[in-house]
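Q: structure of the sequence below:
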Amino acid sequence: MAANKPDDSAAAWMRHMRRGAFEEAWQNSDQTLRARAGKPCWHLPRHFQYIWDGASLEGKRVLVRCYHGLGDTIQFIRYAPLLKQVAAEVKVWAQPPLLPLLQTVAGIDELLPLHDGTPDTEYDADVEIMELPHVFRTTLHTIPAADKPYLHAAPLPLSSEKDTLAVGLVWQAGDWDERRSVPFSVLAPIAKVAGIRLYILQAGAKAAGWQEGFGEHPGEFALHEYARVLRGLDLLITVDSMPAHLAGALGIPVWTLLHAEADWRWMEHRDDSPWYPTMRLFRQTQPGDWENVIREVTAELEKLPSSLKLTV
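A: Residues are numbered from 1 along each chain as shown. Take a look at the predicted model:
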């Protein structure tokens, strides 16, 4: 049988991942590894570069390069303890704002601030962090830390009130895929739910459309302080962006709002995530239709007793 063309292979990989057929996706990844062997990629933007060459990492000093987004690093840093079981040393070259949080992850021997140059450490093998599921041939049943938090931060409650739910809200994602963002104008029903105290945790809230009188804006936070604020919440409602991953990794209840063609990691036809046990997914049924998503979220919020601390 002829090998698939790269585009066909990528489409097949995506289809398998969306269905949860991870092992079939890794077979596509194996084929891609063979096809690109010996071909340099250093001229490509970092997030398009492939690093792992398929060799064993056992007994080696392994450098983990974090070349994608903050959310990607947060999602896949869960592999550090597993990598440490086979590697001699685990060195993580990650985005500087994340380093205080990554210090709470088990299995990391050395944390290095990512920059545009070459890594300031010695290593025997390297891998991009999003390649680790392929390295370990993860399946739905072997996702590391799928049942517990793997990032840690002390709670920083924004209110001492005990009779209302503290709910955080994020509605705008990065601009590389604007379909992930919810227009501020459709969020109004959420603020009208009784028994909740709504906190605006959107970065750059005013630029994202926030208007005074809608929830409470506690200000901007450095990332490790932002994690503490999330730990002080009863629930975070967010679009598919870094806060969703951070809340999931911290183990706090999070409702993630997804557009109709959501990223592969959220799979298909599910309202939960095998990556984050405290996450619930709310999906568009029609492209661009956020009104119905917000209507569903509002209805679910209204079902929550105000004195109930969420567990999922």
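
Q: tell me where the model's unsure across the chain.
A: Where the chain drops to pLDDT under 70, the residues are 1-7, 305-312.

Q: how about the strands of it, start to end?
A: Using DSSP state E, the strands assigned to the chain run over residues 61-65, 89-94, 110-113, 125-128, 165-170, 196-200, 235-239, 254-258, 279-283.

Q: okay, the fourth one in PDB with CA atoms only?
A: Below are the C-alpha coordinates for strand 125-128, written out as PDB (Å, rounded to 0.1, in the frame of the first residue of the first chain):
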ATOM      1  CA  ALA A 125      18.000  14.000  23.600                       C
ATOM      2  CA  ASP A 126      15.200  16.500  23.100                       C
ATOM      3  CA  VAL A 127      11.500  16.500  22.500                       C
ATOM      4  CA  GLU A 128       8.800  19.100  22.000                       C
END
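
Q: so what touches it?
A: 49-52, 55, 57, 60-68, 135 (C-beta atoms under 8 Å, 6 or more residues apart in numbering). (C-beta placed from N, C-alpha, C; glycine too.)

Q: closest to Pro40 out of the strands of the chain?
A: strand 125-128 (14.4 Å; C-beta to C-beta).

Q: strands paired with that closest one, and their directions?
A: In its sheet, strand 125-128 lies beside strand 61-65 (parallel), with partners assigned from DSSP bridges.

Q: what distance do you get for the most centrally placed residue in the chain to Arg36?
A: With distances taken as C-alpha atoms, centre = their mean, His245 lies nearest the centre of the chain, 3.2 Å away. Distance, His245 to Arg36, using C-beta to C-beta, to the nearest Å: 28 Å.

Q: do Arg295 as well
A: Distance from Arg295 to Arg36, counting by C-beta to C-beta: 46 Å.

Q: Tyr79 contacts Phe136, correct?
A: Yes - when contacts are counted by C-beta atoms under 8 Å, Tyr79 is listed as touching Phe136 (6.8 Å).

Q: what touches both of the two?
A: Shared contacts of Tyr79 and Phe136, defined by C-beta under 8 Å, 6+ apart, are found at Pro144.

Q: how about the helices in the stretch 101-250 of the chain?
A: Per DSSP state H, counting those that start in this stretch, the stretch 101-250 of the chain carries helices over the ranges 132-135, 188-191, 223-231, 242-250.

Q: quick one: contacts of the second one?
A: The list of residues contacting helix 188-191 from outside it, by C-beta under 8 Å, 6+ apart, reads 169, 198, 214-215, 237, 294-295, 297-298, 301.

Q: what do you get if the cut-off is 10 Å, keeping everything else the same?
A: Here helix 188-191 makes contact (C-beta atoms under 10 Å, 6 or more residues apart in numbering) with 167, 169, 171, 196, 198, 200, 213-215, 237, 291, 294-295, 297-299, 301-302.

Q: quick one: buried residues of that helix?
A: Ile190 (16 or more other C-beta atoms under 10 Å).

Q: then it to CSV, C-alphas only?
A: Extracted C-alpha coordinates of helix 188-191, given in CSV (Å, rounded to 0.1, in the frame of the first residue of the first chain):
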residue,chain,number,x,y,z
ALA,A,188,-25.4,39.3,29.6
PRO,A,189,-27.7,36.4,30.8
ILE,A,190,-24.8,35.0,32.8
ALA,A,191,-24.6,38.1,35.0
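
Q: having no further points to raise, I will conclude here.
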